[in-house]
Structure formats: structure tokens, C-alpha cells
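Chemist: Dropping a prediction and its sequence here:
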Amino acid sequence: MAETKDKAILEEARERYKFSVDGWSDIYSEASEDLKFVYDVDEGQWPDKIRKEREADGRPVLTINKLQKFVRQIRGDQMQNRPRIKVIPVDDKADVQMAELYNGLIRQIEYLSDANIAYDTAYMGAISNSIGFFRLITDYSNDNSFDQDIFIKRVKNPLSIHFDPMADDFTMNDAQYCFVEDLIDKKIFEKMYPGFEVTNFDGDSKVFGDWLQGDKVRIAEYFYKEPVKKKIVETMNGTVIELTKKITIDLLKSKGIIPVKERTVNTHVVKWCKLNGGDIIEKSEWPGKYIPVIPVFGDEIVADGKRYYLSLIRGAKGPQQMYNYWATAATEAVGASPKS
């Protein structure tokens with residue numbers, strides 16, 4: 001029975017992954033172009049055809065990158081005024097001391113996680129190529145403990161994240177699933193997961209590049225929401241209690257607790273799997289309501305029903321190319337002028 005359920009999960013994951021890649025393909029393609037342009041990766045500020053023609057003729061191809069300073073300036077402003085998570089008691093049922101306790105716990109999590117690195121990396125992605133992410137994970141406190149801590153981790157490669165393209169909320173809170181791709185050394189994979197074949201998850205080769213995959217195996221984390229129903233009751237003093245097999249209305253009444261309201265709630269649990277090409281390597285339930293991958297996007301617009309995310313430099317590419325061309329033309333003119 002478990003094997004049948006795992007096969008169904010794998011089949012659904014493959015279908016969802018393809019749908020997600022297709023749904024985000026235009027956004028990710030433009031993001032990749034922006035990234036290469038602003039940091040001049042592979043001479044990305046010159047159209048490939050024109051650059052090759054000029055190089056073949058021995059003509060100069062200059063890049064005088066004017067965009068990086070604007071990106072770095074805004075990154076610097078953000079580092080001076082980093083956002084912070086703060087719990088605020090907002091109603092008469094809130095506890096000021098409990099809110100301050102939560103704030104202390106959050107600051108401790110950020111300190112232990114070097115969260116500033118995660119925030120800065122995500123913000124850099126948003127302004128330079130329109131998309132960035134950071135994520136939450138749990139891990140054991142130390143090698144001799146069963147206690148787990150929460151950590152905030154950076155996502156170095158935003159193209160390795162594939163959210164549900166039907167999510168409508170800017171924070172992706174309503175996403176039904178999300179994939180996080182990664183590469184692991186094959187020898188490490190064999191030691192960590194003996195008994196599983198070293199087969200690649202069938203992902204998008206553009207995420208890491210084919211050149212990097214010779215001695216690596218691609219895996220994917222798969223978060224998904226599984227619908228569940230629960231019943232809750234409200235007592236005379238306003239306390240809300242969830243009904244379970246053990247906590248029933250009869251039990252509450254026997255203890256003198258009188259329910260005055262009852263309703264069924266359509267909710268969900270967040271499941272997590274780690275996948276390779278043909279197996280579920282690990283699986284568990286995430287102890288939270290939301291998928292623990294947090295997006296940081298640039299400007300969002302919808303035109304003709306299609307969603308776009310815009311980086312800081314999206315509209316500055318043309319002027320930058322024009323500047324490169326003028327500088328190159330001036331250099332070429334000086335080189336061609338007669339020597340006195």
C-alpha cells in the first residue's frame with residue numbers, strides 16, 4: 001500500500017514539476033538574461049551575433065558597465081535598513097510579554113542562521129534579476145540531541161526554485177506545491193542513501209548547466225499541501241478547541257466544558273519529500289501551515305492576463321547597450337584615425 005501511494009506521489013510530482021517549469025519559463029528566462037546582463041556574464045551586454053561578427057573582424061567590443069553601481073547602491077541602502085520580523089500584540093487577547101518572548105526567539109534564530117546573508121542574497125536577486133528566495137529549515141541542535149532548531153537559509157540560485165504557477169498571492173502563501181532542486185556529489189549520495197539508485201531527478205538543465213553535472217546527481221525537495229478536515233468548537237468563555245478521536249464533545253461536557261459553537265474547517269498539512277529520478281528518498285510532514293520557501297520579487301505587473309516580474313535594470317538594457325556601442329565606436333574611430 002505504501003509503495004502504491006509513493007508511486008502516486010511521484011507521478012503527481014513529475015506532472016506538477018513540468019507544469020511549474022512551463023508556467024515560470026518566460027519569467028525565469030528573462031531573469032537569467034537580466035542577471036547575465038547586469039554582471040556582464042559571458043559578455044551578456046552585447047547581442048551574441050554582433051559580438052561574434054566584430055570579434056571575427058578584429059574590431060573592438062567594449063563593455064563599460066554603468067548598471068552595477070546602481071544595483072550596488074540600492075543593495076547598500078538595503079543593508080543599512082534591513083527588514084526585521086517583529087511580533088506585535090494587536091488585540092485584547094494578545095499578551096505583550098509573550099510577543100516580546102517570540103521576538104527574542106526570532107532574533108536568536110536570525111543570529112544562529114546568519115540570516116542577514118539570506119536576506120541580502122534574496123534582495124540582490126530581486127533587484128538584479130527580479131526573483132530571489134530564502135527558506136526555513138529545521139535541524140538537530142547538535143550531534144548529541146534530539147532537539148531541533150529553526151534556521152533561515154539563503155537560496156544561492158533562485159532558478160532552482162519552482163513554485164506552483166497558479167499561486168496568486170505575492171508571497172506565494174496560497175501555492176499548493178514547490179520544488180527545490182539541488183546537486184549532490186554521487187559518492188556522497190551513495191553514502192547518505194544506500195540502497196537507492198544514483199539516478200537524476202528529471203529537472204531543467206538550465207538550472208545548474210550541463211557542464212556541472214558529470215559527477216553529480218540531481219535531486220529535488222518537493223513540498224505539497226494535502227487537504228484535511230478538522231472540527232473545532234468554541235466554549236462559553238471563548239476558548240477554541242479542536243475535536244479529535246480522544247477529545248470529543250462528550251468528554252468536554254463530562255469535564256464541565258460546554259461548547260456553544262461548532263464548525264468543520266477545510267485546511268491542510270504541508271508534506272515534504274526528497275526525490276531522485278525514480279524514488280522517494282525521504283519524506284516527512286513540515287510542522288507549519290505554509291511552504292517554508294519565501295520569495296522576494298521585483299515589481300509585479302499583469303499585462304493581457306500574463307504575470308511579469310521586473311528587475312531594477314530591465315528597462316535600462318537598451319541605454320546600456322547604446323553606451324557600449326558609442327564607446328566602442330569612439331575607440332574604433334580613434335584607432336582608425338591617421339597617425340601624425
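Modeler: It's in. Owing to the predicted nature of the structure, the values given are computational and were not obtained by experimental measurement. Residues are numbered from 1 along each chain as shown.
Chemist: what's the spacing between Asp139 and Ile109?
Modeler: Per CB to CB, to the nearest Å, Asp139 is found 12 Å from Ile109. In this view, the C-beta of every residue, glycine as well, is placed from N, C-alpha and C.
Chemist: So Thr267: helix, strand or coil?
Modeler: Classification of Thr267 by DSSP: H, G, I helix; E, B strand; the rest coil places it in strand.
Chemist: in the sheet, who's paired with it?
Modeler: Under DSSP bridges, the beta-bridge partners of Thr267 are Val228.
Chemist: quick one on the thing from earlier: return every residue with contacts to both of Asp139 and Ile109.
Modeler: Asp149, Phe151 (CB atoms under 8 Å, 6 or more residues apart in numbering).
Chemist: more neighbours, these two?
Modeler: Shown here are Asp139 and Ile109; by other CB atoms under 10 Å, Ile109 has more neighbours (16 against 10).
Chemist: need the contact list for Arg51.
Modeler: Applying CB under 8 Å, 6+ apart to Arg51 gives the contacts Glu43, Val61.
Chemist: check which helix or strand covers it.
Modeler: helix 48-56 (DSSP states H and E).
Chemist: What segments of the protein are helices?
Modeler: 2-38, 48-56, 68-80, 96-113, 115-129, 186-192, 249-254, 317-336 (DSSP state H).
Chemist: what's the most buried one of these?
Modeler: Among these, helix 115-129 has the highest mean neighbour count (mean count of other CB atoms under 10 Å), at a mean of 21.
Chemist: Outside of it itself, list whatever touches it.
Modeler: Applying CB under 8 Å, 6+ apart, the contact partners of helix 115-129 are 31-32, 34-35, 38-39, 71, 74-75, 78-79, 82-83, 109-110, 131-135, 152-156, 158, 294-298, 311-313.
Chemist: try 6 Å
Modeler: With CB atoms under 6 Å, 6 or more residues apart in numbering as the contact definition, helix 115-129 has outside contacts at 31, 34-35, 38, 71, 74-75, 78, 82, 131-134, 152-154, 158, 296-298, 311-312.
Chemist: cool, and stretch 284-304?
Modeler: By CB under 6 Å, 6+ apart, stretch 284-304 touches 122-123, 126, 130-136, 172-173, 175, 178, 223, 269-272, 308-311.
Chemist: one more time with 8 Å, if that's ok
Modeler: Residues from elsewhere that reach stretch 284-304 (CB under 8 Å, 6+ apart): 122-123, 125-127, 130-138, 155, 161, 163, 170-173, 175, 177-178, 180, 223, 225, 268-272, 307-312, 314.
Chemist: What's the PyMOL syntax to select whichever of these are buried?
Modeler: Filtering those down to the buried ones (16 or more other CB atoms under 10 Å) takes a single PyMOL command:
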select buried, resi 122+123+125+126+127+130+131+132+133+134+135+136+155+161+163+172+175+177+178+180+223+225+270+271+272+309+310+311+312+314
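Chemist: Out of the contacts of stretch 284-304, name the ones that lie in strands.
Modeler: Judged by DSSP state E, these include 131-138, 161, 163, 177-178, 180, 223, 225, 268-272, 307-310 as members of strands.
Chemist: for Arg14, what are its contacts?
Modeler: Arg14 touches Asp202, counting by CB under 8 Å, 6+ apart.
Chemist: again with the one 3 residues further on
Modeler: Tyr17 sits next to His162, Phe179, Asp202, Gly203, Ala220 when contact means CB under 8 Å, 6+ apart.
Chemist: Tell me the buried residues within those residues.
Modeler: The neighbour count (16+ other CB under 10 Å) marks His162, Phe179, Gly203, Ala220 as buried among the contacts of Tyr17.
Chemist: Dump the residues you listed to a markdown table, plus distance to Phe146 and pLDDT.
Modeler: Shown next, in a markdown table, are the buried ones among the contacts of Tyr17 (distance: CB to CB, whole Å; pLDDT from 0 to 100):
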| residue | distance to Phe146 | pLDDT |
| --- | --- | --- |
| His162 | 33 | 96 |
| Phe179 | 29 | 97 |
| Gly203 | 33 | 75 |
| Ala220 | 28 | 93 |
